[in-house]
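**Q** fold the following and give me the result.
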Amino acid sequence: MSSIGVPGIILLVILALLLFGPNKLPELGRAVGRTFREFKDGARDIIGEDDQPSRTSEPAKPLAAAPSEVQAAAPAAAQSTADNKRLPE
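**A** Residues are numbered from 1 along each chain as shown. Next up, the predicted model:
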């Protein structure tokens with residue numbers, strides 16, 4: 001892919017000024033910046049969640065767990081996982 005270059009950037013700036021006007025450009029820039037920041041934070045959180053279980057070593061549970069323990073732990077684990085996966089507001 002070829003680069004845009006200086007003339008292309010100047011053309012994009014002029015086009016943005018014509019489409020949005022000089023009063024809306026700062027607001028548009030802030031919105032784009034917030035969007036990129038939220039995306040980066042979300043990606044960092046997802047990567048951190050993937051790395052976190054591999055870093056922490058939990059003690060091994062016995063293989064013969066009581067069925068009532070498994071059934072009681074399953075809803076709580078599902079709820080905590082759902083709470084952690086919510087999108088930021």
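**Q** for Asp45, grab the count of nearby residues.
**A** 13 (other CB atoms under 10 Å). C-beta: built from backbone N, CA, C; applies to glycine.
**Q** also Phe20?
**A** Phe20: 13 neighbours (other CB under 10 Å).
**Q** pretty sure it sits against Leu28.
**A** Yes - with contact defined as CB atoms under 8 Å, Phe20 reaches Leu28; the gap is 5.8 Å.
**Q** distance of Asp51 from Lys40?
**A** Using CB to CB, to the nearest Å, we find Asp51 at a distance of 16 Å from Lys40.
**Q** which secondary structure element of this structure has the lowest mean pLDDT?
**A** Confidence across the helices and strands of the chain bottoms out at helix 67-84, with a mean of 52, counting by mean pLDDT, DSSP states H and E.
**Q** please enumerate the helices of this structure.
**A** With DSSP state H as the criterion, the chain has helices at 5-55, 67-84.
**Q** among these, which one carries the weakest average confidence?
**A** Of all these, the minimum mean pLDDT falls on helix 67-84 (a mean of 52).
**Q** for Leu25, give me its contacts.
**A** With contact taken as CB atoms under 8 Å, 6 or more residues apart in numbering, Leu25 is in contact with 16-17.
**Q** roughly how far apart are it and Arg44?
**A** Distance from Leu25 to Arg44, by CB to CB: 28 Å.
**Q** could you do Gly5 as well?
**A** Taken as CB to CB, the span from Gly5 to Arg44 is 32 Å.
**Q** no further questions, thank you.
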